[in-house]
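**Student:** Test case, fold it:
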Amino acid sequence: MSMSKKGSALDAMRMFTNIVLVSLIIAFIAVVVFWHLDETIEPGNLQQQNLFQTAIYQCLAYEDSLGIHPGQIDPDKINDGRLQSCINLPKSGYKISLKDLDGNTLKKSVYRNGGNYDEDKFIFCTAIDGYICGLFKQPITYKQGNDFLPGVIEMEVISIE
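**Tutor:** So this is what the prediction gives:
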């Protein structure tokens, strides 16, 4: 075999290897893109997310003479009466917990909205047909005495479809 034939054979092998490699990369990207396009957003979860944002940025926000401080939680506002007057999602119940950074629950309120949403249903929500469940957490600061301390606000929402 002459040198030019060996060279063209090597070039053809390299070209074939490059085509296979590029095809595999394109196939991988297509699989990833189509896999993410298949995800659906349930309207219930969007409503629950909106409820959570309303709770932490309006209903439970610390307020003083300077105004409302979104993201800074007033633990005294975490009570059933406040939640009933401030946020409402029909056919839903929710549990709001204020926790310190060690995970200790400092304050908790459960709002049932006329439904039978006991705490066991929150725990097993995903296993109950006909319910949309959401768990939302966000780092916040909360007022304790004259100080603001870091913590986490957690909200579990259970809605009937």
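**Student:** since we're on G130, how many residues are nearby?
**Tutor:** 7 (other Cβ atoms under 10 Å). Any C-beta I mention is one placed from the backbone N, CA and C, and that applies to glycine too.
**Student:** Just confirm it contacts I160, I think it does.
**Tutor:** Yes. Assessed by Cβ atoms under 8 Å, G130 is found in contact with I160 at 6.2 Å.
**Student:** And I78, its phi and psi?
**Tutor:** Dihedral pair for I78: phi -90, psi 90, per degrees, to the nearest 10.
**Student:** Can you tell me how far the residue lying closest to it once chain neighbours are set aside is from G93?
**Tutor:** Closest residue in space to I78, ignoring its immediate chain neighbours: K107 at 4.5 Å, by Cβ to Cβ, 6 or more residues apart in numbering. Separation of K107 from G93 (Cβ to Cβ, to the nearest Å) stands at 18 Å.
**Student:** Compare these two and say which is more crowded by neighbours.
**Tutor:** Neighbours per residue (other Cβ under 10 Å) separate K107 from G93, with G93 holding more: 23 against 18.
**Student:** While we're on the most centrally placed residue in the chain, how confident is the model there?
**Tutor:** In the chain, the residue lying closest to the centroid (Cα atoms, centre = their mean) is F136, at 5.0 Å. Predicted confidence (pLDDT) at F136: the value is 86.
**Student:** Point me to the helix or strand that includes it.
**Tutor:** Per DSSP states H and E, F136 falls inside strand 131-144.
**Student:** Can you list the buried residues in that strand?
**Tutor:** Of the residues in strand 131-144, 131-134, 136, 138, 140, 142-143 count as buried by neighbour count, 16 or more other Cβ atoms under 10 Å.
**Student:** worst-scoring helix or strand of this protein, pLDDT-wise?
**Tutor:** helix 119-123 (a mean of 56; mean pLDDT, DSSP states H and E).
**Student:** ok, the helix or strand harbouring the residue nearest to I78: who's next to it in the sheet?
**Tutor:** Assigned by DSSP H and E, K107 belongs to strand 105-111. In the sheet, strand 105-111 lines up against strand 92-100 (antiparallel) (DSSP bridges).
**Student:** Could you list the low-pLDDT ranges of this protein?
**Tutor:** 1-7, 32-44, 89, 112-128, 161 (pLDDT under 70).
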